[in-house]
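A.B. asks: what would the 3D arrangement of this be:
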Amino acid sequence: MSSTESADAVVVGAGLNGLVAANLLADRGWSVRVLEASDAPGGAVRTEEITAPGYRSDLGSAFHPMGYVSPVLRGLDLGAHGLRWRHAPAPLAHVLPDDRGVLLSRDVDVTAASLNRFAPGDGDAWRRLAAEWQRLRDPLIAAFLGPFPPVRDAARVLRTLGGPDALRLARRMLLPATRFGEEEFAGEGARVLIAGNALHTDLPVTQTASTAFGWLLSMLAQDVGFPVPEGGARSLTDALVARLAARGGTVDCHRPVTRVLVEGGRAVGVVDAAGGLVRARRAVLADVPAPLLFGDLVGHEHLPPRLVSDLARFHWDDAILKVDWALSSPIPWTAPEAREAGTVHLGGDTAGLVDFGADLATGRMPREPFMLLGQMTLSDPLRSPPGTESVWAYTHLPHARRQTEAELAAQVDRMTSVIERHAPGFGARVVARVVSRPSDLQARDPSLVRGALMQGTAHVHQMLVFRPTPGLGRPDTPVERLYLAGATAHPAGAVHGAPGANAARAALAREGRLGGVYGAGIRAAQRLVYGADDSRGRVLAGR
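C.D. replies: Model prediction:
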């Protein structure tokens, strides 16, 4: 027999963004119910012992520089709920095919010295970038992670730099990472640091705007490192859940939502798989990819035809193939830089990274896989027994083409061979191994469609006002009081909580003193984007 419950807000999905949204609403006195389909909260921010007893593996995100500096997460004071950050001796190393290594340290002098070994003078060029970053960091991060459009924070960046240098910064952000490396550095060391960090997204290093991500992650690594939550990424989720519980919010796991109830163009609640109804008095917030939310939970009959058409063009980011290892001892790297770095990039010089991107762009299985590898026990001794190491590595695969089991197995062999080439004896240290195919990642977290970690491409055509479809860059949807709270909304993926925070702010604004004005403004803008009438010939949400 189905039951009926109610709350001020229902949050669909207990990923990090959903939990951030729930906490911000609870802070304002709203009653909040979070419904999660999986067996535990966190989405891609989870940790389990999947390889061997005592070895903790992060199932999705692992290093969290964006979370560490996120104004949203800092404002939640998660340290009061058990969150502690740990650091490896250095955040990042990139090992080239010839086994030369370049080290990115939190000490700029160490980084500069490593770069100068590739080309004298590159260390000073890096120092100039790091000094500029210190001037720009706070307003730039606020502009990137805040609601769109970032009028106030963009003005702060403009005041800091002045008009001409702000234009130069905008040009830099639009450069391909390869071009930026050529303009700023003479040596391969600095160039591969920027290009390798760009490949934390799905942007090829020759693609417009890949510098924006490569530069951002490089400067964060130099500034704050690549920190990890003590005990595993799950500790970040646990802190959010504990904080929410202290404010009366609840998280129900094993409770998949099958439908968002829409009445008169307004979201009024959700139905779960057992037929249970949870009424939402004020808002429904969805930490669910937009194509799944609108196609499966809402239904196209409640949407403007133009939005339905745009959703058919939604561009997922690359699929991911991930391997977790339990090792009897640390990796025996021959490049000394890799022995002290929490994150290691493997599998390409600049030319190799260009080839890697070209393979993905044309749907080919990359012949030389570029890998991101995490040495988790080096970063946090709680991740495995003393003297051992918990390690993962992942590489990108074409998203549009499903790979056969034989192709995936061959790619895992290539990944292992690359590590063995730079660390002879690696294989002899393997205690246990778990391979996570794209389908496995999706089975653990339905939001990771075929292992798309960012829940949508980082290409310019699907960022800002184009995310998730051409629109306002806002969490508001054409269904009144239904808000996008996940990574398919601006400002996209990474563990920073901004999409959830932006959705919560929108819901609070709609229910606030000027809520009528806010709602009228959103509806007017949506009419411009989607047309004056929906498929049933009636005015868009709010009729």
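A.B. asks: for stretch 189-197, list the C-alpha coordinates in CSV.
C.D. replies: Listed next in CSV are the C-alpha coordinates belonging to stretch 189-197 (Å, rounded to 0.1, in the frame of the first residue of the first chain):
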residue,chain,number,x,y,z
GLY,A,189,57.7,20.1,-18.7
ALA,A,190,55.5,23.1,-18.2
ARG,A,191,53.6,22.4,-21.4
VAL,A,192,52.5,18.9,-20.3
LEU,A,193,51.5,20.1,-16.9
ILE,A,194,48.9,22.5,-18.4
ALA,A,195,47.8,20.0,-21.1
GLY,A,196,47.6,17.1,-18.7
ASN,A,197,45.4,19.0,-16.3
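A.B. asks: strand partners (parallel or antiparallel) of the helix or strand harbouring Trp392?
C.D. replies: Taking DSSP states H and E as the criterion, the element that holds Trp392 is strand 389-397. Each strand paired with strand 389-397, and its direction, by DSSP bridges: strand 319-327 (antiparallel), strand 371-375 (antiparallel).
A.B. asks: what mean pLDDT does the helix or strand following the last one have?
C.D. replies: Right, the one you point to is strand 371-375. Next in sequence after strand 371-375, counting helices and strands by DSSP H and E, comes helix 376-379. Per-residue pLDDT values across helix 376-379 average out to 98.
A.B. asks: got the contact list for helix 376-379?
C.D. replies: Here helix 376-379 makes contact (Cβ atoms under 8 Å, 6 or more residues apart in numbering) with 56-58, 62-63, 86-89, 226, 228, 330, 340-342, 383-384, 388-392. Where you see a C-beta, it was placed from the backbone N, CA and C, and this is true even at glycine.
A.B. asks: same deal with stretch 154-164?
C.D. replies: Against stretch 154-164 from outside (Cβ under 8 Å, 6+ apart): 135-136, 139-140, 142-143, 166, 169.
A.B. asks: residues in contact with the residue nearest to Leu307 when sequence neighbours are not counted?
C.D. replies: Of all residues beyond its chain neighbours, the one nearest Leu307 is Tyr530 (5.7 Å), with distances taken as Cβ to Cβ, 6 or more residues apart in numbering. If you count contacts by Cβ under 8 Å, 6+ apart, Tyr530 has them with 304, 306-307, 478, 540.
A.B. asks: find me the pLDDT at the closest residue to Glu188 other than its chain neighbours, would you?
C.D. replies: Excluding the flanking residues, the one nearest Glu188 by Cβ to Cβ, 6+ apart is Phe118, at 5.5 Å. For Phe118, the model assigns a pLDDT of 98.
A.B. asks: now do the SS call for Phe118.
C.D. replies: What DSSP: H, G, I helix; E, B strand; the rest coil gives for Phe118 is coil.
A.B. asks: distance of it relative to Thr343?
C.D. replies: Plainly put, Phe118 is 19 Å away from Thr343 if you go by Cβ to Cβ, to the nearest Å.
A.B. asks: can you measure across stretch 465-485, start residue to end residue?
C.D. replies: Length of stretch 465-485, first residue to last, Cα to Cα, to the nearest Å: 16 Å.
A.B. asks: mind checking how far it is from the chain centre?
C.D. replies: 18 Å (Cα atoms, centre = their mean, to the nearest Å).
A.B. asks: stretch 40-54 now?
C.D. replies: Worked out by Cα atoms, centre = their mean, stretch 40-54 lies 17 Å from the chain centre.
A.B. asks: as a markdown table, the contacts of Tyr530 with pLDDT, distance to Ala520 and secondary structure would be great.
C.D. replies: Formatted as a markdown table, those follow (pLDDT from 0 to 100; distance: Cβ to Cβ, whole Å; DSSP: H, G, I helix; E, B strand; the rest coil):
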| residue | pLDDT | distance to Ala520 | secondary structure |
| --- | --- | --- | --- |
| Pro304 | 96 | 18 | coil |
| Arg306 | 96 | 21 | helix |
| Leu307 | 96 | 20 | helix |
| Pro478 | 96 | 14 | coil |
| Leu540 | 45 | 12 | coil |
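A.B. asks: of those residues, which is the nearest to Ala221?
C.D. replies: Leu307 (38.2 Å; Cβ to Cβ).
A.B. asks: confidence-wise, which helix or strand of this structure is lowest on average?
C.D. replies: helix 151-161 (a mean of 88; mean pLDDT, DSSP states H and E).
A.B. asks: show me what counts as buried in that one.
C.D. replies: For helix 151-161, a neighbour-count test (16 or more other Cβ atoms under 10 Å) marks 153-154, 156-157, 160-161 as buried.
A.B. asks: longest helix in the protein, please.
C.D. replies: helix 122-145 (DSSP state H).
A.B. asks: give me the neighbour count for Ala338.
C.D. replies: Using other Cβ atoms under 10 Å, Ala338 has 26 other residues around it.
A.B. asks: how about it, secondary structure?
C.D. replies: At Ala338 the chain is in helix, as set by three-state DSSP.
A.B. asks: what about Val45, how many neighbours?
C.D. replies: 29.
A.B. asks: can you check the one 4 residues further on too?
C.D. replies: Residue crowding around Glu49 was assessed by other Cβ under 10 Å; the count is 14.
A.B. asks: separation between it and Ala326?
C.D. replies: For Glu49, the distance to Ala326 - Cβ to Cβ - is 9 Å.
A.B. asks: now list whatever residues contact both of those two.
C.D. replies: Between them, Glu49 and Ala326 share the contacting residues Tyr55, judged by Cβ under 8 Å, 6+ apart.
A.B. asks: would you map the strands across the stretch 251-400 of the chain?
C.D. replies: Here the stretch 251-400 of the chain has its strands, by DSSP state E, counting those that start in this stretch, at 257-263, 266-272, 277-286, 319-327, 341-346, 371-375, 389-397.
A.B. asks: tell me which of the ones you listed sits nearest to Leu448.
C.D. replies: strand 319-327 (7.9 Å).
A.B. asks: what about that closest one, distance to the chain center?
C.D. replies: Strand 319-327 sits 18 Å away from the centroid of its parent chain (Cα atoms, centre = their mean).
A.B. asks: CA atoms only: put it into PDB for me.
C.D. replies: Below are the C-alpha coordinates for strand 319-327, written out as PDB (Å, rounded to 0.1, in the frame of the first residue of the first chain):
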ATOM      1  CA  ALA A 319      33.300   7.400 -21.100                       C
ATOM      2  CA  ILE A 320      35.700   6.300 -18.300                       C
ATOM      3  CA  LEU A 321      37.600   3.000 -17.800                       C
ATOM      4  CA  LYS A 322      38.900   2.800 -14.200                       C
ATOM      5  CA  VAL A 323      41.100   0.200 -12.500                       C
ATOM      6  CA  ASP A 324      41.700   0.000  -8.700                       C
ATOM      7  CA  TRP A 325      44.600  -1.900  -7.300                       C
ATOM      8  CA  ALA A 326      45.500  -3.000  -3.800                       C
ATOM      9  CA  LEU A 327      49.400  -3.100  -3.600                       C
END
